[in-house]
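Undergrad: Have a look; sequence and predicted model below, questions after that.
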Amino acid sequence: MPQQLACLCLLRCLELRFTRTVVADIDGIPFSAGFATRRLPRRQAGVISTITLRATACALSIDAEAVDHLVAHPGPGRVHSVFNRVVNVISGDGRLIALCASELDDAPWSVRADVPHWTNWRLSTGDDVRLSSAAIMFPGRAPRVVQLSKAVKWYTNLVPVDLGLLELGRRSKALASLLDVQGVRGGARAHGEAVTVFEAEIRNQLAHACTALVTAIRRRDAPAVAAAATSLLGLGPGLTPAGDDFLTGMALLAAQPRSRLSWITPVIGRVLDDDPERTTLLSRTTLREALRGRARQCLLELLHVLLAPDPRGDGQLEVQLRIHATPVLGIGHTSGTDILSGLLAGLRLEEELRGFM
């Protein structure tokens, strides 16, 4: 009897608080995310009729441009897509913002939060979102909030292309060797016999469009660059098609200070403007940011290894490339490899163009 009374008193409590280190089992589903409040209503006929959860996560870092946008354009939005470690939301003016788990790196238009994953937040595509510079909230029966007030602002650092002809050649060869060994086969680096007719056709189109883009840049033929970029845009399966990823790697290098490829960035930008629905919103956002020299932190760190003017022997360069390429190659299924394939093509063009000057 004393134990039953104690249990009854516990059930009649209106509020129980616990930290993120505690896992509660609610309706048979484990729940643990940020600081949370669990509300238990009055016990009716021995059954708890409703349970409301409120979870709060704290942002660790946030893209500085995203902060400025949220200050200027607070308001409603919706959930675009939900993954284990990323939740993409769309603001009222169509801006895509990624909420990332803590283990992921910083990126343009992203917020890193102190959660290992988003699984327990039970979010779905189309859910309402309220965005402001103070917080991103998912309202409803079980509100969730990502507090932004203590987040560290993340900024992009551009990397000047100041290497000489021979050094550019040495580093592009090192990246090519790494991709030959560690690159994921498929996408822009297809290998072996195609499984389906569709896959074979995509491979052929990718190979043709990538070659056409490189040739057009070499000839400084802007209309041909636009045509090749149009062919690549949206080419391939997935949220970030292989053709887009190849363009992203090329564009990221072209957007760095003193790149000989800088003239292609407005050309590719116009292609995006003319036919924005040719590819996905996520891929379009990634490519637009690359055209401004902005990308995920792991990719920028690899770019710094490739372009840093400090002298390194071949052995040290190989080790540094392997260390910094590993997280990039882990992006998507083949996306990381396809981005680096575009970057490699750009490095080789930088070498060629400097040789002709």
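TA: Received it, and whenever you're ready, just let me know what you need.

Undergrad: got the residue ranges for the helices in the stretch 201-350 of the chain?
TA: Remark: helices assigned in the stretch 201-350 of the chain by DSSP state H, counting those that start in this stretch are 222-232, 242-254, 264-274, 281-290, 297-307, 314-329, 335-356.

Undergrad: mind checking how far the last one is from the chain centre?
TA: The one in question is helix 335-356. 21 Å (Cα atoms, centre = their mean, to the nearest Å).

Undergrad: Also the third one?
TA: Offset of helix 264-274 from its chain centre (Cα atoms, centre = their mean): 21 Å.

Undergrad: Who are the packing partners of that helix?
TA: The criterion is 3 or more Cβ pairs under 8 Å, 6 or more residues apart in numbering; DSSP states H and E, and the helices and strands that helix 264-274 contacts are helix 222-232, helix 242-254, helix 281-290. (Each C-beta comes from the backbone N, C-alpha and C, glycine too.)

Undergrad: so what's L148 up against?
TA: By Cβ atoms under 8 Å, 6 or more residues apart in numbering, the contact list for L148 reads A59, I62, V67, L70, V111, S133, A134, A135, I136.

Undergrad: isn't there a strand covering the fifth one?
TA: Yes - looking at V111 with DSSP: H, G, I helix; E, B strand; the rest coil, it is inside a strand.

Undergrad: what's the burial count for it?
TA: 26 (other Cβ atoms under 10 Å).

Undergrad: Would you mind measuring from T248 to R294?
TA: 11 Å (Cβ to Cβ, to the nearest Å).

Undergrad: Ok, L321 next?
TA: Counting by Cβ to Cβ, the gap from L321 to R294 is 22 Å.

Undergrad: Please apply the same query to R312.
TA: For R312, the distance to R294 - Cβ to Cβ - is 26 Å.

Undergrad: higher neighbour count, these two?
TA: A direct count of neighbours by other Cβ under 10 Å for R312 and R294 places R294 higher, at 22 against 17.

Undergrad: right, and that one touches W154 too?
TA: No - judged on Cβ atoms under 8 Å, R294 makes no contact with W154 at a distance of 10.3 Å.

Undergrad: tell me which residues in stretch 274-293 are buried?
TA: For stretch 274-293, the neighbour count (16 or more other Cβ atoms under 10 Å) marks 278-293 as buried.

Undergrad: How about residues contacting that stretch?
TA: 80-81, 88, 90, 96, 108-109, 156, 158, 230, 233-234, 239-241, 244-245, 247-249, 251-252, 254-256, 265, 268-269, 272, 295.

Undergrad: change it to 7 Å
TA: When contacts are defined by Cβ atoms under 7 Å, 6 or more residues apart in numbering, stretch 274-293 is touched by residues 80, 88, 96, 108-109, 156, 158, 230, 233-234, 239-241, 244, 247-248, 251-252, 255-256, 265, 268-269, 272, 295.

Undergrad: And stretch 115-132, by the same measure?
TA: Contacts of stretch 115-132 (Cβ under 7 Å, 6+ apart): 30-34, 55, 57, 70, 74-82, 84-85, 87, 89, 91, 101-102, 136-140, 144.

Undergrad: Filter these down to the ones in helices?
TA: Using DSSP state H, L70 are the members of those that sit in helices.

Undergrad: Phi first, then psi, for L163.
TA: phi -80, psi 150 (degrees, to the nearest 10).

Undergrad: when you give positions from now on, start the count at 16
TA: Yep, numbering from 16; the last one is L178 now.

Undergrad: That one: what's it in contact with?
TA: So L178 contacts L322, P324 (Cβ under 7 Å, 6+ apart).

Undergrad: one more time with 6 Å, if that's ok
TA: Listed by Cβ atoms under 6 Å, 6 or more residues apart in numbering, L178 has no contact partners.

Undergrad: Distance of it relative to R309?
TA: Distance from L178 to R309, by Cβ to Cβ: 21 Å.

Undergrad: Report how many residues lie close to the residue nearest to G251 when sequence neighbours are not counted.
TA: The shortest distance from G251 to any non-neighbouring residue, by Cβ to Cβ, 6 or more residues apart in numbering, is to A257 (3.6 Å). Using other Cβ under 10 Å, A257 has 31 neighbouring residues.

Undergrad: What separation is there between E118 and V130?
TA: 10 Å.

Undergrad: for S139, same thing?
TA: Counting by Cβ to Cβ, the gap from S139 to V130 is 17 Å.

Undergrad: neighbour-wise, which of those two wins?
TA: V130 (25 against 10).

Undergrad: got a pLDDT number for the more buried one?
TA: At V130, the model reports a pLDDT of 96.

Undergrad: Report the secondary structure element holding it.
TA: V130 is part of no helix or strand when elements are defined by DSSP states H and E.

Undergrad: still on that earlier bit, with respect to A215, which of the contacts of L163 is nearest?
TA: V126 (40.4 Å; Cβ to Cβ).

Undergrad: Quick one: residues contacting the closest one.
TA: Counting by Cβ under 6 Å, 6+ apart, V126 has contacts A74, I77, L114.

Undergrad: returning to what we had before: do I have it right that the residue nearest to G251 meets L248?
TA: No - counting by Cβ atoms under 6 Å, A257 sits too far from L248 to count as a contact (11.1 Å).

Undergrad: Excluding covalently adjacent residues, which one is nearest to A166?
TA: That would be A74: by Cβ to Cβ, 6+ apart, it lies 3.7 Å from A166.
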